[in-house]
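Enquirer: Following is a predicted model, sequence given first.
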Amino acid sequence: MNSCGREGRPDMYGLGIRLGIYFQWFGEILVEFFDDADVADIRLLGLLLSGAIVLALLVEIVNRNLQAADIYIMLQLAGGSYIFLIPIYIWKTLTCCDRKWDPLKWTREPHVPVYGVSTMIVMVIISSLQLWLFSTYIPTRGHQCEYYGFFFTKIKLDNVGFIVVNIILHIIVILVCVGIVLSYTGFWERQFRIRRHRRRKKHRTRQPEQDTQERIARRERARQEQKDLLRTMRSISNLVVYGLHITAIELTIKWNQFENVDGVNTSGQTIPLLVSLGILIRLIVSHYAVQGDGTSTSAGSRPRPGGSGGGGSNRHDQAPAPAQDSTPQMGDLDEFIAGITLDNVSAYFAHGSEAYWYARTAIQRREAAEEAAARARLAARGVFPRPARIYSRGVEIVQEV
């Protein structure tokens, strides 16, 4: 114990660096709570901070300038931006990946494949370093000094149970990340062919227009309540994970009695602190500025196709831009029809109504775009689907799949 140093690394995880990372995590929570579409700054900041920590950690590991607790703390800081995803994927597993109960479905955040792949790569590197730490470094060299970690209580880093749990956890994380990256390339589409069988149309008795509109309104309210419930659950989950993770890092530093890591006295700590604080302030100010202008729209309130204007409304009220209310753009319906297919479109709209045909056209456009993208991915890999042969009344019809 006397030969084990207790001097911390303020240049690696000093107070300024930790606060900058904590501000970035808090910004991600605010982005998800505000449900803003402009999330590029805060997401990119998290990716860059994690990448910088991993790069610095690799350099110090090669130079052998770190102790087991130093590596453990830095990996906790590097992976903090992605630990919020663990409860979400646990929830998706419990709901059998039902899209209706997917919290990620009800957000306005654009999904960029390049950012997603970069995030998965960083997560795989972090989890690989965690595996190396607990399977190789601590059992061979880390047990020489008595360092502590956090597992809902104070626990030694060389505790066998703690090591086994971390190894299993990070193996699962690596497998999940690899599976998500393969889904971006269309691997699962080639391995598992999903055939959709359309249900036979059922003849419905015509209902009065007022009853139909009330039924649609009830479904819209139920959909909005479901969206609000999932967003509230995700916000609570993020706050709990945020508090636990910060507590784990700060208690780990305290239990190991590291010195010189509780002050902001170097430029290396000031820069990430000010950058994160500036982006966080910009996020809050821009959100409330947009709210004040009245230009922000909610992600859960879908535009209703075909407008529902009343017959006895005032002529002066209908004067401004009547064409925009009665004829929505097809691009605006992409968010409106999320989760709706040709099989269940009649459950959301009265069969044969104007809203029904708008939604049906938008769904057909979406499915055609998805099929074209899937064929393009297969063609890029040199895989061409075999044509389907259909026999009808003795005539062979060749149809491209």
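Expert: Thanks, I have the structure now. Nothing here was measured: the structure is a model prediction, and the numbers come from that model. Numbers count the residues shown, from 1 in each chain.

Enquirer: Neighbours of the residue nearest to residue 340 when sequence neighbours are not counted, how many?
Expert: With sequence-adjacent residues excluded and distances taken as CB to CB, 6 or more residues apart in numbering, residue 340 is closest to residue 348, at 5.9 Å. (Each C-beta comes from the backbone N, C-alpha and C, glycine too.) Neighbourhood size, residue 348 [other CB atoms under 10 Å]: 19.

Enquirer: try residue 356
Expert: The burial count for residue 356: 17, using other CB under 10 Å.

Enquirer: My guess is it contacts residue 346. True?
Expert: Yes. Counting by CB atoms under 8 Å, residue 356 touches residue 346, with 7.2 Å between them.

Enquirer: measure residue 33 to residue 134 for me?
Expert: 34 Å (CB to CB, to the nearest Å).

Enquirer: okay, these two: which has more neighbours?
Expert: More crowded of residue 33 and residue 134, by other CB under 10 Å: residue 134, with 24 against 15.

Enquirer: where does the more buried one land in three-state SS?
Expert: helix (DSSP: H, G, I helix; E, B strand; the rest coil).

Enquirer: contacting residues around it?
Expert: Applying CB atoms under 8 Å, 6 or more residues apart in numbering to residue 134 gives the contacts 163, 166, 167, 170.

Enquirer: Need the per-residue pLDDT for it.
Expert: Residue 134 is assigned a pLDDT of 89 by the prediction.

Enquirer: Please tell me how far it sits from residue 101.
Expert: 34 Å.

Enquirer: What number of residues are in the vicinity of residue 217?
Expert: 12.

Enquirer: For the helix or strand harbouring it, name the packing helices and strands.
Expert: Assessed by DSSP states H and E, residue 217 sits inside helix 209-255. Here helix 209-255 is seen to pack against helix 15-34, helix 68-78, helix 85-94, strand 148-150 when contacts are counted using 3 or more CB pairs under 8 Å, 6 or more residues apart in numbering; DSSP states H and E.

Enquirer: orientation of it relative to helix 85-94 in degrees?
Expert: Calculated by axes from the mean of the first three to the mean of the last three CA atoms, to 10 degrees, helix 209-255 forms an angle of 130 degrees with helix 85-94.

Enquirer: heading toward the C-terminus, what's the first helix or strand past helix 209-255?
Expert: helix 267-293.

Enquirer: from the chain's centre, how far out does that following helix sit?
Expert: Here helix 267-293 is found 21 Å from its chain centre; the criterion is CA atoms, centre = their mean, to the nearest Å.

Enquirer: What separation do you get for residue 78 and residue 24?
Expert: Taken as CB to CB, the span from residue 78 to residue 24 is 12 Å.

Enquirer: any common contacting residues for those two?
Expert: residue 49.

Enquirer: The one residue sitting closest to the centre of the chain: what's it in contact with?
Expert: In the chain, the centroid-proximal residue (CA atoms, centre = their mean) is residue 104; its distance is 5.7 Å. For residue 104, the contacting residues are residue 88, by CB under 8 Å, 6+ apart.

Enquirer: In CSV, could you pull the C-alpha coordinates for the helix or strand residue 11 falls within?
Expert: Assigned by DSSP H and E, residue 11 belongs to helix 10-13. The C-alpha trace of helix 10-13 is given here as CSV (Å, rounded to 0.1, in the frame of the first residue of the first chain):
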residue,chain,number,x,y,z
PRO,A,10,-5.8,16.5,-13.0
ASP,A,11,-4.8,16.6,-16.7
MET,A,12,-7.0,13.5,-17.3
TYR,A,13,-10.0,13.7,-15.0
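
Enquirer: now for that helix, which elements pack on it?
Expert: Secondary elements touching helix 10-13 (3+ CB pairs under 8 Å, 6+ apart): helix 40-63, helix 68-78, helix 267-293.

Enquirer: Kindly present these as TSV, with separate columns for distance to residue 352, mean neighbour count and mean pLDDT.
Expert: Formatted as TSV, the helices and strands packed on helix 10-13 follow (distance: least, CB to CB, whole Å; neighbours: other CB atoms under 10 Å; pLDDT from 0 to 100):
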stretch	distance to residue 352	mean neighbour count	mean pLDDT
helix 40-63	42	17	87
helix 68-78	56	23	90
helix 267-293	39	15	82
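
Enquirer: Nearest to residue 119 among these would be which one?
Expert: Closest of the helices and strands packed on helix 10-13 to residue 119 is helix 40-63, at 6.3 Å (criterion: CB to CB).
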